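[1] Just need the structure, nothing else, for what follows:
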Amino acid sequence: MNGYSDKVLDHFQRPRNVGAMENAHGIGEFGDAECGDFVKVFLKVEGDTVIDVKYQVRGCPASIACASAMSELAKGKNLDDAMMIVDEDIAEALGGLPEHKILVPTWAPGGLKRPLPTILRDMWSRETPGRAGHVPGF
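    The predicted structure is shown next:
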């Protein structure tokens with residue numbers, strides 16, 4: 001696979017944290033489930049820390065590697081830091097991507113970020129009785 005870094009190949013051949021998760025605190029989907037790259041991300045949170053990340057992915061080798069790297073970047077981060085993970089972070093963690101694949105990591109953070117507002121809203125509701133369903137900015 002010409003043009004891929006050793007890190008990309010490693011994440012593609014041995015993806016980390018792949019699979020579904022029972023009792024996830026949040027699930028996010030991003031991409032085109034019908035005909036393109038697609039990721040479904042499962043998050044488990046303790047306090048304000050992401051303690052587990054799993055994902056299911058369909059796509060090219062770079063897509064698989066990006067989802068794997070995203071899961072490693074998010075695990076152990078607080079929710080604010082997880083929300084700040086962007087495509088450049090994923091590409092950097094993989095040692096870069098070939099020019100024709102530079103847009104691939106743009107969807108992995110989307111899958112990660114989709115469940116975070118729900119998780120934050122649920123946390124806010126537990127911490128502030130009588131305010132269920134309302135989180136400033138959401």
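
[2] Pick out the residue nearest the middle of the protein.
    Centroid-nearest residue in the chain, with CA atoms, centre = their mean: Leu112, separated by 3.1 Å.

[3] Is that one in contact with Ala82, as I believe?
    Yes. Using CB atoms under 8 Å, Leu112 makes contact with Ala82 at a distance of 6.5 Å. (Glycine included, C-beta is placed from N, CA and C.)

[4] residues shared between the contacts of those two?
    Here Leu112 and Ala82 share the contacting residues Ala74, scored by CB atoms under 8 Å, 6 or more residues apart in numbering.

[5] ok, back up a step: the helix or strand where the residue nearest to the centre of the chain lies - what's its average pLDDT?
    Secondary structure from DSSP states H and E places Leu112 in helix 108-113. Average pLDDT, helix 108-113: 77.

[6] Show me what it packs onto, helices and strands only.
    Packed against helix 108-113 by the contact rule (3 or more CB pairs under 8 Å, 6 or more residues apart in numbering; DSSP states H and E) you find strand 26-31, strand 38-46, helix 61-74, helix 87-93.

[7] quick check, distance from it to the centre of its chain.
    In terms of CA atoms, centre = their mean, to the nearest Å, the centre of helix 108-113 is set 4 Å apart from its chain centre.

[8] before we move on, what about stretch 59-73?
    9 Å.

[9] List the buried residues for it?
    Neighbour-count burial for stretch 59-73 flags 59, 61-71, 73 (criterion: 16 or more other CB atoms under 10 Å).
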